[in-house]
Every structure is written in structure tokens, then in C-alpha cells.
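A.B. asks: Sequence first, predicted model second:
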Amino acid sequence: MAALPAGLTAVREAHRVDEAALRDWLAQTLGLRGELQIAQFEGGQSNPTYFLQIGGERLVLRRKPPGKLLPSAHAVDREFRVISALRDSPVPVADALALCSDEQVIGSLFYVMRHVEGRVFWDPKTPSLTPAERAAVFDDMNRVIAALHGLDPDALGLGDYGPREAYLNRQIVRWSKQYHAAEAPAIEAMERLIAWLPQHVPPDDDLRIVHGDLRLDNFIFHPTEPRVLALLDWELSTLGDPLVDFAYSALTWRMPGGGFRGLAGVDIDALGIPSEAEYVARYCARSGHPLAVDGTMPHWNTYLVFNLFRLAAILQGVAARARQGNAASEQAVAMGQQARPLAEAAWQLAQGA
């Protein structure tokens, strides 16, 4: 590909695929023929993601990374299932086309979806927008999250998409295991959180589809309008408590800038970005969840603590893959180093929960 679109790079050496085998699969499965052009998306720390152009179609391929993987991670087959189920729902998703479970084709399981043309805002300060546009972007993200959490999993054929009870307890166990499986140097704050979290689990809320990675850069917006065209990256999706899921999207207000791409310390009023409290209140109005008398969401700090803990566990896994040389991004080493400060921030927040 002579001139790569923004956000793309040449395929990294560790993630090269057999292009002839992939071209044959696309022809046999989707009827697409012609010259295959392939590049890799720069983002994505977990599953390598590729941009494909063939037969007049622009596609996206998501695959499991090569090499030794942590248990239950990189479930691209689950991504394919959920976005297929959501195709005609109020939640906008990319058009899922085909899943390939034959690892002989490119070396690991993968699926292909149609490419969605639009904007991805990597910086939550969204410097290219006006204050009114920023407010609208955050509000539409909020709208889509509330729409997702309003869906009935059973009606979509997703009633068995995950266990139906004890979501947060299961998540604590899962991410504690993933953190230890990464075989990285121990983080004292993580060990404290592993003991603290099971003692502070709020009651389960409604059982809903949860995305698991609700942050601004996983939403594709219309090229010119502050309107979501697709919610991406469903690897961590399952059935669970929607308030835990929503709280992750609100971490943006608590995270610093730089590598964390947060809004802590930013003059959000001047930018037109809603406050965390306004964002939470808007979600509650849309979803029907009650606020406490003081205007806060019950157990809010605990939801935030868990999400910081989970993110630290994920980054510990990124660090492990970086040491093995099969991480999906050039920034993986730096990302992995952020596990410790995140865990320490979570422990500090837990003291006031």
C-alpha cells in the first residue's frame, strides 16, 4: 500500500501473515478477488488488527496474536458472535462478515468485518472540535452505552454469552489470575487489592451485555457529525453488571494525560466537556438507575477501584507479551510499565471507598 491512511502502519514483523493463504480464504469465503493490500492498525494492545483492501472492499481483520497466550484471553470468536448479534440493535457495530477458526490459514483464529469510515478520538480533549461538538461527542457515547445496557441478552440470543450471576466476584477472580499468570514482578498494591475487593463487592445489578472496554477511542464517530457509527473491540464482552461496565468509561475523568489519555487536571468547563458527575447523571437518566441523595451513584468508588485494578492486570499482561516479543503495539513496553502506578492509584482510592 503506497500511502497508508491515518492510524495505519506496515505490518509488524511479529504479526506477518501468509497473504496468499489469506487471499484464497477471502475468495472462497466472501467471493472477493483481486490484489490484496494489507496494513496494520497502530492501536490495540491485545489482538493484532489489520486493514485489508481487496475487490473494491475495505475490511478489518482481527486475530489472536501468535505465541503463548494467557488463559481465556484474546477471544476474537466471542467478538464475532456479539457484533453479529447486535447487527440490527440500537447499538451501532461494524458489519461482521466471517469467522475463520482454521488456524492454518494465517496462524491463529481470526474474523473479518466491514471497515467503518469515520473518526476515532484518541485524545479525550478532542482538540479538533468546538466546545459544543465536544459536549455532543461525550453525550452520544453516553447514549450508546445506555442503549447497550438497555438490551435484553435473551432476546438477542446471548442469554448464554456468560455466567448469569456473581459477575464482579468472577471478574475479581479472573483478573487476579491473569495478573499472576503474567509472571511479572509482583506489585504490592495489586496484592492488597486482591484481598480488599472480595470484601467490598456491591450487590449485582441487572444482568446485561457488558462491553468491558468502554473508552472514547473504541467508538467510531461520523466523519463530520458528533454521532457514533460503531462501537469496536468487544474482546472483553460478557454478561454482567452494567454499572461496572459504565464506570470504566468514567475513568477518563480520573486518569492523567500522557500515556493514560485522561482528563484529570484539565479545564473541562472551558473545553465544553461534561463533568464526571454530569456524565453519570445523564447515564442514570437514560438507563433508569437511581442516584443517591447526594447525587452520586451508590458504590461508585468501588466500581472505579475495580476498573483500575482490572486495567492494571491487563497492562501486566501487555508487559508479559512485550517481554516475549509478540505484543500488538510498538508502545507495549511503555504501556506495561503503567500497571504499577494504576494499581497504586486504585489502592489509594479504595481507602476512601
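C.D. replies: Alright, I've got the coordinates. All values reported here derive from a predicted model rather than from experimental measurement.

A.B. asks: who touches stretch 156-165?
C.D. replies: 78, 81-82, 85-86, 89, 153, 170, 204, 207, 209, 237-240 (Cβ atoms under 8 Å, 6 or more residues apart in numbering). To be clear about C-beta, it is placed using only N, CA and C from the backbone, and glycine gets the same treatment.

A.B. asks: same check, this time on stretch 19-30
C.D. replies: With contact meaning Cβ under 8 Å, 6+ apart, stretch 19-30 is reached by 32-33, 36, 38, 52, 54-55, 57, 61, 97-98, 100, 104-106, 112.

A.B. asks: Stretch 265-277 too?
C.D. replies: 124-126, 130-135, 138-139, 250, 253-254, 256-257, 263, 282, 295-296.

A.B. asks: List the buried residues in that stretch.
C.D. replies: 266, 268, 271-274, 276 (16 or more other Cβ atoms under 10 Å).

A.B. asks: How far does that stretch stretch from one end to the other?
C.D. replies: End-to-end distance for stretch 265-277: 15 Å, by Cα to Cα, to the nearest Å.

A.B. asks: Equivalent analysis for stretch 61-79, please.
C.D. replies: First-to-last residue span, stretch 61-79, Cα to Cα: 12 Å.

A.B. asks: May I have the residues that are in contact with F51?
C.D. replies: 5, 8, 38-41, 58-60, 115.

A.B. asks: if we go to 7 Å?
C.D. replies: 8, 39, 41, 60, 115 (Cβ atoms under 7 Å, 6 or more residues apart in numbering).

A.B. asks: Save those as a markdown table, and put in distance to P223 and secondary structure too.
C.D. replies: Formatted as a markdown table, the contacts of F51 follow (distance: Cβ to Cβ, whole Å; DSSP: H, G, I helix; E, B strand; the rest coil):
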| residue | distance to P223 | secondary structure |
| --- | --- | --- |
| L8 | 17 | strand |
| A39 | 20 | strand |
| F41 | 18 | strand |
| V60 | 17 | strand |
| H115 | 13 | coil |
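
A.B. asks: out of those residues, who's nearest W175?
C.D. replies: When those are compared for distance to W175 (Cβ to Cβ), F41 wins out at 25.1 Å.

A.B. asks: For the nearest residue to that closest one once chain neighbours are set aside, grab the count of nearby residues.
C.D. replies: Nearest-residue entry for F41: T49, 4.4 Å, with adjacent residues in sequence omitted and distances by Cβ to Cβ, 6 or more residues apart in numbering. If you count neighbours by other Cβ atoms under 10 Å, T49 ends up with 21.

A.B. asks: Phi, psi for T49 please.
C.D. replies: Phi and psi for T49, reported as degrees, to the nearest 10, are phi -130, psi 130.

A.B. asks: was I right about it contacting R62?
C.D. replies: Yes. Between T49 and R62 there is a contact under Cβ atoms under 7 Å: 5.2 Å.

A.B. asks: first vs last residue of stretch 161-168, how far apart are they?
C.D. replies: End to end - Cα to Cα - stretch 161-168 spans 16 Å.

A.B. asks: Now do the buried residues in that stretch.
C.D. replies: Result for stretch 161-168 [16+ other Cβ under 10 Å]: buried residues 161-162, 167-168.

A.B. asks: how about the buried residues of stretch 265-277, which pair is most distant?
C.D. replies: Among the buried residues of stretch 265-277, G272 and E276 lie farthest apart (Cβ to Cβ), at 14.9 Å.

A.B. asks: I'd like the distance between Q337 and V120.
C.D. replies: Going from Q337 to V120 by Cβ to Cβ, to the nearest Å gives 24 Å.

A.B. asks: same thing with R81?
C.D. replies: R81 is 24 Å from V120, by Cβ to Cβ.

A.B. asks: Looking at the two, which has the bigger crowd around it?
C.D. replies: Ranked by neighbour count (other Cβ under 10 Å), R81 and V120 place R81 first, with 19 against 16.

A.B. asks: Before we move on, what's the pLDDT of that one?
C.D. replies: For R81, the pLDDT comes out at 97.

A.B. asks: so where does it fall, helix or strand?
C.D. replies: Counting by DSSP states H and E, the element that carries R81 is helix 76-85.

A.B. asks: likewise A98?
C.D. replies: Residue-wise, A98 maps onto strand 96-100 under DSSP H and E.
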